[in-house]
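*Asks:* What follows is a predicted structure for the sequence shown.
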Amino acid sequence: MLGERIKKLRKQKKLTLEALAGNELSKGMLSLIENNKANPSMESLTYIAKQLGVDVGDLLDTVSSEELRGILEKAEKIYNDDDPKMTDKNNQLIKLIEPLSDVLPQGYEAARLLEIYSYSLWKEKKANWLEASESAAKMFEQLNISSNRASIAIFWVNLRFLEHQYEESLTIFLQERKIIETTFGYIDPLTRLDLDYRESILHFAVGNSQSAIRIMENAIQFSKEKKIFYRIDDLYRLAACEGMISRDEKKKDFYLEKLRQYGEFADNTFSIHFYKLFHIMGLISEEQEYEKALEEIDQLLTDSDTDGFYNTWFILEKGKACYYLGRYEEALLLLNKVVIPDVHHPFDLSIFYVMDTFKALCQLKLGDKKAALNSVKQAYGNFNLLPSTPFKEFTLKIYKEIQS
């Protein structure tokens, strides 16, 4: 923006506010101009340019639309490159966009570049990421583009979510959703589903099950009415998890079957393996079919088509099955191999935090009560700030038993 360009040039030339203001402007007025709180007249702008030793056109310079489109195309290509070998892509994006950040005009290309720029700055722990993010959000509001504005809001919300500040994350979300719904007369269906899905997750995270269920079920119904499948797999997974939490086997099985059908229809391996994981969890916790669970787990762990993300989940279930079969040493060995993946929702964390509870049970059976007590204390501490789930209730029960 104009004020930022003036300030940048003044500092480059090592001029104070007083020196640049000279006899024609007050220091206070120049400060307002530099902070984009006042617009200079053409006469004042000509004077400032003269003081800086540049042409007025240099202060008003903007990037052409054609140039912006080319830069955005290059930025999008880098931003969407998922090659793990490309370890410096955030710095590449910063280097590409930063020289333009002060001269970007209004328009979609400029707003999107600022959005990408802010994400890259945040990932590189740069302090000015929020300024760029807020500027992008304002631009999208002015352009009436709800999808990108919602994406930025969800990004802000996720920052607190990743820190497990669930209450604060929900508060920010509700504030941002209100702004979005007030600002935009029309919100496209995909953006609405993004917002509904995120809100459901957050309500579940803080234990507001009734609100979460209402929003989730409305979103599923909305998806059916609009005949769109966007987010439907995420919503089915969420509904199945809710069925497990509430011990509503009918609901859990209904949505798991829906997810299986979707996974096969869309050839979505992530959904298929989620279904298989919950099926195996059911074999262990409900049907007590431990040998059958082990057989299915071993087949999945040796299958090259199994989604690698789920391997550690299957190893955890194998450890639990071995415990119930009395194979305590093998179970403990498996449980010690489990590495908690990059998950942050309380339900996902609960599935993994119960691992220490099963370690304690194995250690107790092997005669090491001291180790068992340490393990169950670890599990109890992990669960302390999480809402109630069957995994938390199970851990509290075992904690009391081992403590006694």
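*Replies:* Received the coordinates, thanks.

*Asks:* what about the closest residue to Phe314 other than its chain neighbours, which SS state?
*Replies:* Nearest residue to Phe314 in three dimensions, chain neighbours excluded: Ile297, at 5.0 Å (C-beta to C-beta, 6 or more residues apart in numbering). All C-beta atoms are positioned from the backbone trio N, CA, C, and that covers glycine. What DSSP: H, G, I helix; E, B strand; the rest coil gives for Ile297 is helix.

*Asks:* ok, Ile297 - contacts?
*Replies:* Listed by C-beta atoms under 8 Å, 6 or more residues apart in numbering, the contact partners of Ile297 are 280, 314, 317-318, 321.

*Asks:* Mind doing that once more with 7 Å?
*Replies:* Applying C-beta atoms under 7 Å, 6 or more residues apart in numbering to Ile297 gives the contacts 280, 314, 317-318.

*Asks:* next one: Pro387
*Replies:* 206-207, 346.

*Asks:* Report the lowest-confidence entry in these.
*Replies:* Within these, Gly207 has the lowest pLDDT, namely 88.

*Asks:* Check what pLDDT the nearest residue to that residue once chain neighbours are set aside gets.
*Replies:* With sequence-adjacent residues excluded and distances taken as C-beta to C-beta, 6+ apart, Gly207 is closest to Pro387, at 3.5 Å. Looking at Pro387, its pLDDT reads 88.

*Asks:* ok, now how distant is Pro387 from Arg247?
*Replies:* 15 Å (C-beta to C-beta, to the nearest Å).

*Asks:* Likewise for Glu317?
*Replies:* 19 Å.

*Asks:* Now do the same contact list for Lys7.
*Replies:* So Lys7 contacts Glu34 (C-beta under 7 Å, 6+ apart).

*Asks:* redo that, cut-off 10 Å
*Replies:* 1, 17, 20, 30-31, 33-36, 102 (C-beta atoms under 10 Å, 6 or more residues apart in numbering).

*Asks:* cool, Asp356 as well?
*Replies:* Residues in contact with Asp356 (C-beta under 10 Å, 6+ apart) are 335, 338, 374-383, 395, 398.

*Asks:* If we use 6 Å, what do you get?
*Replies:* Contacts for Asp356 (C-beta atoms under 6 Å, 6 or more residues apart in numbering) come out as 375, 378-379.

*Asks:* Can you classify it by secondary structure?
*Replies:* Criterion first, three-state DSSP; result for Asp356: helix.

*Asks:* neighbour count winner among Glu317 and Arg247?
*Replies:* Glu317 (23 against 10; other C-beta atoms under 10 Å).

*Asks:* how about that one, phi and psi?
*Replies:* Main-chain torsions, Glu317, degrees, to the nearest 10: phi -70, psi -30.

*Asks:* any idea which element the residue nearest to it when sequence neighbours are not counted lies in?
*Replies:* Computed as C-beta to C-beta, 6+ apart, the closest residue to Glu317 that is not its neighbour in sequence is Ile280, at 5.2 Å. Under the criterion of DSSP states H and E, Ile280 resides in helix 269-285.

*Asks:* So what's the gap between that helix and the chain middle?
*Replies:* In this view, helix 269-285 has its centroid 24 Å away from the chain centroid, taken as C-alpha atoms, centre = their mean, to the nearest Å.

*Asks:* What residues of that helix count as buried?
*Replies:* With burial defined by 16 or more other C-beta atoms under 10 Å, the residues of helix 269-285 counted as buried are 271-278, 280-285.

*Asks:* before we move on, what about stretch 286-306?
*Replies:* Buried positions in stretch 286-306, judged by neighbour count with 16+ other C-beta under 10 Å: 290, 293-294, 296-297, 300, 306.

*Asks:* Which of these sits closest to Tyr328?
*Replies:* Of all the buried residues of stretch 286-306, Tyr290 has the smallest distance to Tyr328: 13.4 Å, by C-beta to C-beta.

*Asks:* For that closest one, give its distance to Arg10.
*Replies:* Computed as C-beta to C-beta, the Tyr290 to Arg10 distance reads 74 Å.

*Asks:* cool, and Glu249?
*Replies:* 69 Å.

*Asks:* Comparing these two, which shows the higher neighbour count?
*Replies:* The residue with more neighbours, out of Glu249 and Arg10, is Arg10; 20 against 12, by other C-beta under 10 Å.

*Asks:* What is the burial count for Gly243?
*Replies:* Neighbours of Gly243 using other C-beta under 10 Å come to 19.

*Asks:* my guess is it meets Asp253, correct?
*Replies:* No - using C-beta atoms under 6 Å, Gly243 makes no contact with Asp253, being 7.5 Å away.

*Asks:* What lies in contact with stretch 167-175?
*Replies:* Contacts for stretch 167-175 (C-beta under 6 Å, 6+ apart): 157, 160-161, 202, 206.

*Asks:* 10 Å - rerun?
*Replies:* 153-154, 156-163, 165, 195, 198-199, 201-203, 205-208, 211, 344.

*Asks:* for the stretch 101-250 of the chain, which spans come out with low pLDDT?
*Replies:* Within the stretch 101-250 of the chain, no range satisfies pLDDT under 70.

*Asks:* all helices of it, in order?
*Replies:* 108-123, 129-143, 146-162, 166-183, 189-205, 209-226, 232-245, 249-266 (DSSP state H, counting those that start in this stretch).
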